[in-house]
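>>> requesting a structural model of the entry that follows:
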Amino acid sequence: MVMVLVVIVLTLGSVLFYVLSPWNLTPLASNWGAIDTTMHTTAWVTGAVFVAVNLFLAYVIFRYRFNRHRRSHYEPESKKLEAWLTGLTAVGIAALLAPGLVVWGSFVSPPEDAHEVEVVGQQWHWSYRFPGEDGRFGAVHNRYITDDNPFGMIDDPAGQDDILVESPRLLLPVDRPVKFLLRSKDVLHNFKVANFRAKMDMLPGQVSYFWITPTRLGEYEIVCAQLCGIAHFAMRGTVEVVEEEVFEEWLASQPTYAELAAREPPDREAGQEHYAACVACHGAQGEGNPAVNAPRLSGLADWYLERQLMLFREGARGTHEADTYGQQMRPFATMLPDRAAVTDVAAYIAELPETEVETTLSGDARRGERLYRTCASCHGSQGQGIKATNAPRLAGMPDWYLARQLELFREGVRGRHERDPYGNQMIDMVQMLVNEKAIHDVVAYIMTLPRSEQTLAAANPGGGEE
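Numbers count the residues shown, from 1 in each chain. This is a model prediction of the structure:
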């Protein structure tokens, strides 16, 4: 009798937990209410089967409980029971599959007036491409992907006006159908926006698709719903649903493939003039100065320097009240009048001769080596930095600066701003360093890595693309 009560209580408790649970679906922000209906149908059908099976189990336990004066009757087959079970199972399966098949057919049948956006996934980043004025995408292929051609664009006239968005932030107009074309650069990914009730796998060498109509203004999180590697959980982006005119203004501000290809090379002489304001802290050769908490800059790549300077200029870095030295840096970054000046000074700094840094912190490098295995996925096994994963070089940087930045990331002082997506990824990744000792250990190991460009090249003859 006790087992009967246990089965009944567990069954009723499960039903109550589902009905009274505070965890619900995220607010719907697209036209796919039919997907909600399908999920609810699945829940009710499976729930009804769950209750029926468990109550039947409780009845069987009670009805056929032990009685030493009764013997069991062996009946190996029952055509009547099999017919009932087969029929009920068929009805249940049809009730589960039919609505989903109908919705799926609509999900992959975009309306003719839907505008298009290509979503490109890679470990661990989202980027986007829109057709230009001709309304057509240019040809692409993964074999043409390089640091300077991250979308794999081919020399196709139709692609010259394609609009390229390398940031993981995407804007879409409200109440306008959009068809997503999905492709992957490397491994299996899955593009998912829970509020849209939409997701689809992305396979290398294929283009999958689906469509939605955003119906609610707001900002929603993009996640990868496939286990795509060690930083899978940090592969996030944002999609912002805005009014049509805001979307058009944003889209017009994004560069086309032709514009990027025609960009003038940076003016290093102008960059040298801009760098004059940096010398007092960072040194004439970018060697840094621990006395004023200014890190070494020489040896860092121009693309990383440019990104950090832009974050300072835009207020995405150096505005947190606890980031004292970031606040000191920001006014100097705002002295650069425009992006061209930022590009020029970054190019000048990137060509400064490298200087050696001293070890100032102690830590267990052997333990740090184990911790660094996670870091290596983005920053490279030798800490050389990998542009494809937007990860800067670590080898050769001063240990006190590395430790401070890791602590700022761990505390959420740096990287929380919505315009700093790679900082957000670092916040997630650095949580594996549970205390100050772990930070010092991993920094101690980084300090054992080759510190100059020449020794890095010797230790990593394949280059930075790992």
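>>> give the buried residues for the helix or strand harbouring residue 96.
Under the criterion of DSSP states H and E, residue 96 resides in helix 79-107. Using 16 or more other CB atoms under 10 Å as the burial criterion, the residues of helix 79-107 that qualify are 99-100, 103, 107. For glycine as for every other residue, the C-beta is placed from the backbone atoms N, C-alpha and C.
>>> ok, those vs residue 233, which is closest?
residue 107 (26.1 Å; CB to CB).
>>> mind listing what the residue nearest to that closest one when sequence neighbours are not counted touches?
In this structure, residue 107 finds its nearest non-sequential neighbour in residue 210, 5.4 Å apart by CB to CB, 6 or more residues apart in numbering. When contacts are counted by CB atoms under 8 Å, 6 or more residues apart in numbering, residue 210 touches 107-108, 110, 179-180, 182, 198, 200.
>>> again with residue 242
Residues near residue 242 by CB under 8 Å, 6+ apart: 171-174, 217, 250.
>>> which of those tops the neighbour count?
The member of those that has the most neighbours, counting by other CB atoms under 10 Å, is residue 172 with 22 neighbours.
>>> for that one, which three-state class applies?
Put simply, residue 172 is strand when judged by DSSP: H, G, I helix; E, B strand; the rest coil.
>>> bridged to it, which residues?
Applying DSSP bridges to residue 172 gives these bridge partners: residue 241.
>>> next, work out how far apart it and residue 79 are.
The spacing between residue 172 and residue 79, counted by CB to CB, to the nearest Å, is 57 Å.
>>> got any ranges where the chain has weak pLDDT?
When residues are selected by pLDDT under 70, those of the chain lie in 451-466.
>>> any idea which residue sits dead centre in it?
Closest to where the C-alpha atoms of the chain average out (CA atoms, centre = their mean) is residue 235, at 1.8 Å.
>>> tell me where the stretch 201-350 of the chain has strands.
Listed in chain order, the strands found in the stretch 201-350 of the chain under DSSP state E, counting those that start in this stretch are 208-212, 218-224, 236-242.
>>> can you list those strands in TSV and add distance to residue 94?
Listed next are those as TSV, based on distance: least, CB to CB, whole Å:
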stretch	distance to residue 94
strand 208-212	24
strand 218-224	32
strand 236-242	35
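>>> thought the residue nearest to the centre of the chain was touching residue 124?
Yes: Residue 235 lies in contact with residue 124 (CB atoms under 8 Å); the separation is 3.8 Å.
>>> packing partners of the helix or strand hosting residue 36?
Secondary structure from DSSP H and E places residue 36 in helix 33-63. When contacts are defined as 3 or more CB pairs under 8 Å, 6 or more residues apart in numbering; DSSP states H and E, helix 33-63 packs onto helix 2-20, helix 79-107.
>>> out of those helices, which gets nearest to residue 378?
Within the helices and strands packed on helix 33-63, the stretch nearest residue 378 is helix 79-107; the backing value is 33.9 Å (CB to CB).
>>> what pairs with the next helix or strand after that closest one, parallel or antiparallel?
Using DSSP H and E, the helix or strand that directly follows helix 79-107 along the chain is strand 115-122. Sheet pairing here is set by DSSP bridges, and for strand 115-122 it gives strand 125-130 (antiparallel), strand 178-184 (parallel).
>>> point out the most buried one among the ones you listed.
Among those, judged by mean count of other CB atoms under 10 Å, the one packed with the most neighbours on average is strand 125-130 (a mean of 22).
>>> taking strand 218-224 as reference, get the angle to that one.
120 degrees (axes from the mean of the first three to the mean of the last three CA atoms, to 10 degrees).
>>> quick one: contacts of strand 125-130?
If you take CB under 8 Å, 6+ apart as the criterion, strand 125-130 is touched by 116-120, 137, 150-151, 162-168, 170, 191, 222, 235, 237, 251, 254, 389-390.
>>> among these, the buried ones, what's the ChimeraX command?
A single ChimeraX command is used to select the members of those judged buried by 16+ other CB under 10 Å:
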select :116,117,118,119,120,137,150,151,162,163,164,165,166,168,170,191,222,235,237,254,389,390
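>>> check contacts around the residue nearest to residue 419 when sequence neighbours are not counted.
Using CB to CB, 6+ apart and skipping the chain neighbours, the partner closest in space to residue 419 is residue 316 (4.0 Å). By CB under 8 Å, 6+ apart, the residues touching residue 316 are 417-420, 423.
>>> next, residue 316: phi, psi?
When read as degrees, to the nearest 10, the backbone of residue 316 gives phi -80, psi -10.
>>> measure it to residue 232 for me?
When distances are taken as CB to CB, residue 316 and residue 232 turn out to be 24 Å apart.
>>> likewise residue 20?
When distances are taken as CB to CB, residue 20 and residue 232 turn out to be 33 Å apart.
>>> looking at the two, which is more packed in?
Set side by side, residue 20 and residue 232 show more neighbours around residue 232, with 17 against 7, by other CB under 10 Å.
>>> so that one is in contact with residue 188, correct?
No: using CB under 8 Å, residue 232 makes no contact with residue 188, being 10.6 Å away.
>>> what touches both of these two?
When CB under 8 Å, 6+ apart defines a contact, the residues bordering residue 232 and residue 188 alike are residue 226.
>>> to which secondary structure element is the residue sitting furthest away from the middle of the chain assigned?
Each residue of the chain has a distance to the centre, and by CA atoms, centre = their mean the biggest one is for residue 69: 66.6 Å. Secondary structure assignment for residue 69, by DSSP H and E: no helix or strand.
>>> all set now, cheers.
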